[in-house]
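make a model of this:
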Amino acid sequence: MSKHSIHIEIIDEYFEFSLADLCQCCGVQAEAIIDMVEEGLLTPVGTSPSNWRFTGTAQRKVEITLHLQRDLRINLPGAALALELMEEIDMLRSKLQIKG
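Below is the predicted model of the structure:
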């Protein structure tokens, strides 16, 4: 694994977090999560922060975003783009495995 590899364990893809749970799990303030929602990185279920629900996938995205911001000094829009590209790469790899 290279020094810039990102490996995050998802607690459970189907587990649901409240905003407070996600903040505690990832060690961030609610404002950071709200910023990620506003940037389009996270898509919670619910109409307001007080009743938002997030999946284990959101936890993974937060952890990767924090890594990108902390270690590589990438801003939030850059992290959103990086995550989008990583997801596309994963999708393409999956398609290649199915064909192969």
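
hey, let's count contacts and neighbours off CA atoms from now on
Noted.

helices along this structure, start to end?
Applying DSSP state H to the chain gives helices spanning 19-26, 30-39, 56-72, 76-99.

need those in JSON lines with mean pLDDT, can you?
Formatted as JSON lines, these follow (pLDDT from 0 to 100):
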{"stretch": "helix 19-26", "mean pLDDT": "95"}
{"stretch": "helix 30-39", "mean pLDDT": "97"}
{"stretch": "helix 56-72", "mean pLDDT": "93"}
{"stretch": "helix 76-99", "mean pLDDT": "92"}
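
who's in contact with residue 30?
Taking C-alpha atoms under 8 Å, 6 or more residues apart in numbering as the criterion, residue 30 is in contact with 19-20, 23.

please name the residues that touch the residue nearest the centre of the chain.
The structure's the chain has its C-alpha centroid closest to residue 61; by C-alpha atoms, centre = their mean the separation is 0.9 Å. The contact partners of residue 61, by C-alpha under 8 Å, 6+ apart, come to 41-42, 83.

any idea how many residues pack against residue 99?
By the criterion of other C-alpha atoms under 10 Å, residue 99 has 7 neighbours.

again, but for residue 57
The burial count assigned to residue 57 is 18, neighbours taken as other C-alpha under 10 Å.

any idea how far it is from residue 26?
12 Å (C-alpha to C-alpha, to the nearest Å).

what do you get for residue 18?
Counting by C-alpha to C-alpha, the separation of residue 18 from residue 26 is 12 Å.
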